[in-house]
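>>> return a 3D structure for these sequence lines:
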Amino acid sequence: MPAAKPVYALVGPDSFLQLEKLREILRLMPKDVQRVDADGERAELADVLDELRSFAMFGGAKLVVVRDADEFISRFREQIEDYVAKPSDSATLVLRLASLPKGQRIYKAIDKLGGIEPCEPPKDLVRWAIERAKAAHKLTLPLDAARMLVDLIGDDLGRIDSELAKLAIDMDGAKQPVTAEQVARSCTFQREQEMWDLSNALAIGDATEALRRWRHLIQLDPSAEFRAITWLGMWLEDVASVLRGAAGKVSWKYKERLPLLIKTSQQLGPRGHAKALDLLAEVDHQSKTGVGDAARNVERFILQMGAAARGH
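Residues are numbered from 1 along each chain as shown. Predicted coordinates for the structure are as follows:
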């Protein structure tokens, strides 16, 4: 097994990836390694260097982790550069950083040791989910199931991984691929409950209640404004299934709430459904082209939908 490097820089905004890299580093060190954590915004250089240069109390290695280390480097850049040039041979320093420009001397010095570890979120979340499911959880996650997972959760890698772990427990060693239906059943978050209530309020033309639900959802999860179009589009697809007489296709998702979906779909009707699709497409286009604030665009959709559902 290769030995741990004397200095690492975990560079990127994603804390989940940083923690994954940190676990990999720990696996390279003795089991009795002594770990010391420091807050980079308050840590003093002398204290960190003392930890690095002193022997571990129990065992033969020490790991010193400085989280939020951007401020730490800003305060003690030259001294840290000096340390990286001649690091301790009995300790490993891990700097958790949001960013570290490649042109800086400190980056080049750590890179020379082989300790730069990028922690940038993947551009293709669906592909990441598929690979993570296989590598970490021994799950086969087909493309449609991975897309469902990302649509429901968004770009939170930690929550995606947590859902994959739950699915692995539910599968209990079964070899068959995870289905999109299993993903949907597993991902039961409060924001999906709020979207359900919001959608039902829209269907009966209660814009006031729908707006209240939307504003509460934004307070729970500010990133909801970027996924509202997806959620509302999925709901309208389910409404379309009911209006086509195919409610059974979505019964697995709604279970005991299926009668309510049928009722609200009938109240909306084919004309209301078509109007909703047009309005949603318009809001999606405006948000993507920078016309108005995304959350406000959704509010406008809610108000227009309320009027359409009332037949105005």
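
>>> got a list of what residue 175 touches?
By CB atoms under 8 Å, 6 or more residues apart in numbering, the contact set of residue 175 is residue 140. The way it works is simple: take the backbone N, C-alpha and C, and place the C-beta from them, glycine included.

>>> wasn't it part of a helix?
No. The assignment for residue 175 (DSSP: H, G, I helix; E, B strand; the rest coil) gives coil, which keeps it out of a helix.

>>> tell me the phi and psi of it?
Reported as degrees, to the nearest 10, the phi and psi values for residue 175 are phi -90, psi -10.

>>> what do you get for residue 118?
Torsion angles, degrees, to the nearest 10, at residue 118: phi -70, psi 140.

>>> mind listing the residues bridging to it?
On the basis of DSSP bridges, residue 118 is bridged to residue 11.

>>> quick check: it touching residue 12?
Yes. At 5.8 Å, residue 118 counts as touching residue 12 under the criterion of CB atoms under 8 Å.

>>> more neighbours, these two?
Taking other CB atoms under 10 Å, residue 118 and residue 12 do not tie; residue 12 has more neighbours (19 against 12).

>>> for the residue lying closest to the more buried one once chain neighbours are set aside, grab the count of nearby residues.
In space, and not counting its chain neighbours, residue 12 is closest to residue 119: 3.1 Å by CB to CB, 6 or more residues apart in numbering. Residue 119: 22 surrounding residues under other CB under 10 Å.

>>> how much space separates residue 119 from residue 84?
Look at residue 119 and residue 84: by CB to CB, to the nearest Å, they are 19 Å apart.

>>> domain-wise, how is the protein divided?
With automatic domain parsing as the criterion, the domains of the chain are listed as 7-118, 125-186, 190-309.

>>> now tabulate the ones you listed in JSON lines and tack on mean pLDDT.
As requested, the domains of the chain are exported to JSON lines (pLDDT from 0 to 100):
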{"stretch": "domain 7-118", "mean pLDDT": "91"}
{"stretch": "domain 125-186", "mean pLDDT": "87"}
{"stretch": "domain 190-309", "mean pLDDT": "78"}
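
>>> residue 107 and residue 130: what is the separation?
32 Å.

>>> one step back: check contacts around the residue nearest to residue 12.
Contacts of residue 119 (CB under 8 Å, 6+ apart): 10-14, 17-18, 21.

>>> and the two most separated of those?
For the contacts of residue 119, the farthest-apart pair by CB to CB is 13 and 21; their separation is 13.4 Å.

>>> which of those two has more neighbours?
Taking other CB under 10 Å, residue 13 and residue 21 do not tie; residue 21 has more neighbours (19 against 12).

>>> right, and that one touches residue 10 too?
Yes. Counting by CB under 8 Å, residue 21 touches residue 10, with 5.1 Å between them.

>>> between the two, which contacts overlap?
Contacts common to residue 21 and residue 10, judged by CB under 8 Å, 6+ apart, are 117, 119.

>>> ok, which stretches of the stretch 201-312 of the chain are strands?
For the stretch 201-312 of the chain, no strands are identified by DSSP state E, counting those that start in this stretch.
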